[in-house]
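S.K.: pasted the sequence and its predicted model underneath.
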Amino acid sequence: MWPITTLRGSIRARLSVGFALGLLPVVLVMVGAFLAVGFATSAINEAVAETSDELIPVTEQYRAALRAQRELHAFALQETYDPEAYRRFSAEIDATFEALGEITFAEVAEVEMLQAANAEWIAVKAIGEELFEMAPAAVDERVELLRNFDARAAEFLGTLQDLQDFIVAELVAQLDQLEQISRRALIGVAAVSVLAVVLLGLVIIWALRSNIGPVRSLREAADRFGDGDLSQRVELTYPDEIGLLGSTFNPMANQLETNLIELEELSVRDDLTGLFNRREFSRRLYEEELPRARRYERPVSLLILDLDNLKIVNDEYGHPAGDEVLRFVARSIADRVRPVDSVARYGGDEFVVMAPETDAPEAVAMAERIRDTVAAGPARLPFG
């Protein structure tokens, strides 16, 4: 068992067995091929590490920018907002720019996109600070400035997305080059080995299958990853040098997939209550439920719930108390609807419920249940 374990765990050991069974010229060729594979493996290891160092901060920037934009929207629309959260997200973006500034990028295009993103972020941040300092009564000016902010933020996010795509494409190109180098080296070994004994030929076939296969698998995984399949992972066939390279690729892919899932969740959920936001609710209503109801001629009901006197709670007890009331109402509504129903926070103190397969009398009964639950269970304020 010891020799088999050693061969599975190291490219060096597998190639050494072939050297022992071959003639000196063949041994020399195989040594050259081994060195080429080692060089290529080292190069791709550095490429994956470099890509991870570049791509993860850019992804973090993208997520922080979306959160900062959401806080600014809440402020501009006079909803519940946290100016400190906006500034914290802004500081995170500034910090990642500083970290990226310490990285030596291999391509001029990467540096140019990073500089462009930095310039766009400075403009976006300046507009955001200006919007926070604007008087509450200046509604028209705030709306116009918010449109300007969204336009500049879209340019900034677009540049970050282009930079991510460029970094992934660069990794795919490097892996493709590695595959070509490895292929030429091992084909040379196979050509010389044809002149050797049958045993040497068998050894070469074994070497090709055990060394090129993992490299090809890694390259194909990187191609699919670059095409948008973030669930793609590298299968670690052997615990050798290429296996270690795959173990570097997989954590990077896990981190990026996690970030994407978080971004998707942030885009459809209301931060305060955890319910669907207005955009996601509208998408489900107009793109899914209403067409289904029309197609099958089935009923669907829409409940619109509005809280009375929430402003009084905010004025008398503070916004944290008002936030707790909103969270309590959200929980109460969610507890009184079915799993197939969709609940969303539609505005500051407005909630909506979409109830498929529900006619008007059933919808009225549902609304009464929700009202009774809210009336019967007082919200616990932060100070007790």
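M.R.: Here it is on my side, so go on.

S.K.: now the helices for this protein?
M.R.: 2-9, 11-21, 24-76, 83-101, 108-133, 139-193, 198-226, 241-268, 278-283, 290-296, 310-317, 319-335, 360-376 (DSSP state H).

S.K.: could you list the buried residues of the fourth one?
M.R.: Just to be clear, that refers to helix 83-101. Using 16 or more other CB atoms under 10 Å as the test for burial, helix 83-101 gives 86-87, 89-90, 92-94, 96-97, 100. C-betas here are computed from N, CA, C, even on glycine.

S.K.: again, but for the last one
M.R.: Along helix 360-376, the positions that meet the burial threshold by neighbour count (16+ other CB under 10 Å) are 363, 366-367, 370, 374.

S.K.: counting by contacts, list what it packs against.
M.R.: strand 300-306, helix 319-335, strand 350-356 (3 or more CB pairs under 8 Å, 6 or more residues apart in numbering; DSSP states H and E).

S.K.: what is the orientation angle of that helix with strand 300-306?
M.R.: Orientation of helix 360-376 against strand 300-306 (axes from the mean of the first three to the mean of the last three CA atoms, to 10 degrees) gives an angle of 30 degrees.

S.K.: can you name the residues in contact with stretch 296-311?
M.R.: By CB atoms under 8 Å, 6 or more residues apart in numbering, the list of residues contacting stretch 296-311 from outside reads 285, 289-290, 292-293, 322, 325-326, 329, 333, 346, 348-360, 362-363, 366-367, 370.

S.K.: re the thing from before, worst mean pLDDT among the helices of the chain?
M.R.: Ranked on mean pLDDT, the bottom entry among the helices of the chain is helix 2-9, at a mean of 54.

S.K.: that older thread, winner for burial among the helices and strands packed on helix 360-376?
M.R.: strand 350-356 (a mean of 21; mean count of other CB atoms under 10 Å).

S.K.: counting by contacts, list what that strand packs against.
M.R.: Contacts defined by 3+ CB pairs under 8 Å, 6+ apart place strand 350-356 against strand 300-306, helix 319-335, strand 342-345, helix 360-376.

S.K.: so which of these comes closest to R147?
M.R.: Distance to R147, taken as CB to CB, is lowest for strand 342-345 among the helices and strands packed on strand 350-356, at 23.2 Å.

S.K.: which residues touch the closest one?
M.R.: 270, 272-273, 275-278, 280-281, 284-285, 289, 326, 330, 333-334, 337, 351-354.

S.K.: what does stretch 347-355 rub up against?
M.R.: Under the contact criterion CB under 8 Å, 6+ apart, stretch 347-355 has outside partners 78-80, 275, 278, 281, 284-285, 289, 300-307, 310, 326, 329-330, 333, 337-338, 341-346, 362-363, 366, 370.

S.K.: likewise stretch 356-367?
M.R.: 289, 292-293, 298-303, 305, 336-337, 340-341, 353, 355.

S.K.: ok, the residues you listed vs V168, which is closest?
M.R.: Nearest to V168 among those, counting by CB to CB, is E289 at 36.5 Å.

S.K.: need the pLDDT of that closest one.
M.R.: Per-residue pLDDT puts E289 at 93.

S.K.: how many neighbours does it have?
M.R.: By the measure other CB atoms under 10 Å, the count of residues near E289 is 18.

S.K.: what's the answer for the one 4 residues further on, then?
M.R.: In terms of burial, A293 registers 15 neighbours under the definition other CB under 10 Å.

S.K.: apart from its neighbours in sequence, what residue is nearest it?
M.R.: Distances taken as CB to CB, 6 or more residues apart in numbering put V300 closest to A293, at 4.3 Å, once the chain neighbours are dropped.

S.K.: pop the domain breakdown of the protein in here.
M.R.: 2-268, 278-376 (automatic domain parsing).

S.K.: what's around the nearest residue to L157 once chain neighbours are set aside, how many residues?
M.R.: Spatial nearest neighbour of L157, chain neighbours left out: A65 (6.0 Å); criterion: CB to CB, 6+ apart. By the criterion of other CB under 10 Å, A65 has 22 neighbours.

S.K.: re the thing from before, let me have the buried residues of helix 360-376 in JSON lines, extended by distance to A117.
M.R.: Converted to JSON lines, the buried residues of helix 360-376 look like this (distance: CB to CB, whole Å):
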{"residue": "A363", "distance to A117": "49"}
{"residue": "M366", "distance to A117": "48"}
{"residue": "A367", "distance to A117": "48"}
{"residue": "I370", "distance to A117": "46"}
{"residue": "V374", "distance to A117": "46"}
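
S.K.: which residues touch V172?
M.R.: 219, 222-223, 226.

S.K.: same thing but at 7 Å, please
M.R.: Shown in contact with V172 (CB atoms under 7 Å, 6 or more residues apart in numbering): 222-223, 226.

S.K.: which ChimeraX command selects the buried ones in those residues?
M.R.: In ChimeraX, this line selects whichever of the contacts of V172 come out buried by 16+ other CB under 10 Å:
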select :222,223,226
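
S.K.: out of the contacts of V172, which is nearest to N250?
M.R.: A222 (11.5 Å).

S.K.: that older thread, compare the helices and strands packed on helix 360-376 and give me the one nearest F149.
M.R.: That would be helix 319-335 among the helices and strands packed on helix 360-376, by CB to CB, at 22.9 Å.

S.K.: list every C-alpha atom in the closest one, with coordinates, as PDB.
M.R.: Extracted in PDB, the C-alpha atoms of helix 319-335 (Å, rounded to 0.1, in the frame of the first residue of the first chain):
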ATOM      1  CA  HIS A 319     -36.900  55.700  15.500                       C
ATOM      2  CA  PRO A 320     -35.500  52.500  17.200                       C
ATOM      3  CA  ALA A 321     -38.900  52.000  18.800                       C
ATOM      4  CA  GLY A 322     -40.700  52.600  15.400                       C
ATOM      5  CA  ASP A 323     -38.300  50.100  13.800                       C
ATOM      6  CA  GLU A 324     -39.300  47.500  16.400                       C
ATOM      7  CA  VAL A 325     -42.900  48.100  15.800                       C
ATOM      8  CA  LEU A 326     -42.400  47.500  12.100                       C
ATOM      9  CA  ARG A 327     -40.500  44.300  12.800                       C
ATOM     10  CA  PHE A 328     -43.300  43.100  15.100                       C
ATOM     11  CA  VAL A 329     -45.900  43.800  12.500                       C
ATOM     12  CA  ALA A 330     -43.900  42.000   9.900                       C
ATOM     13  CA  ARG A 331     -43.600  38.900  12.100                       C
ATOM     14  CA  SER A 332     -47.300  39.000  12.900                       C
ATOM     15  CA  ILE A 333     -48.300  39.200   9.200                       C
ATOM     16  CA  ALA A 334     -45.800  36.400   8.300                       C
ATOM     17  CA  ASP A 335     -47.200  34.200  11.100                       C
END
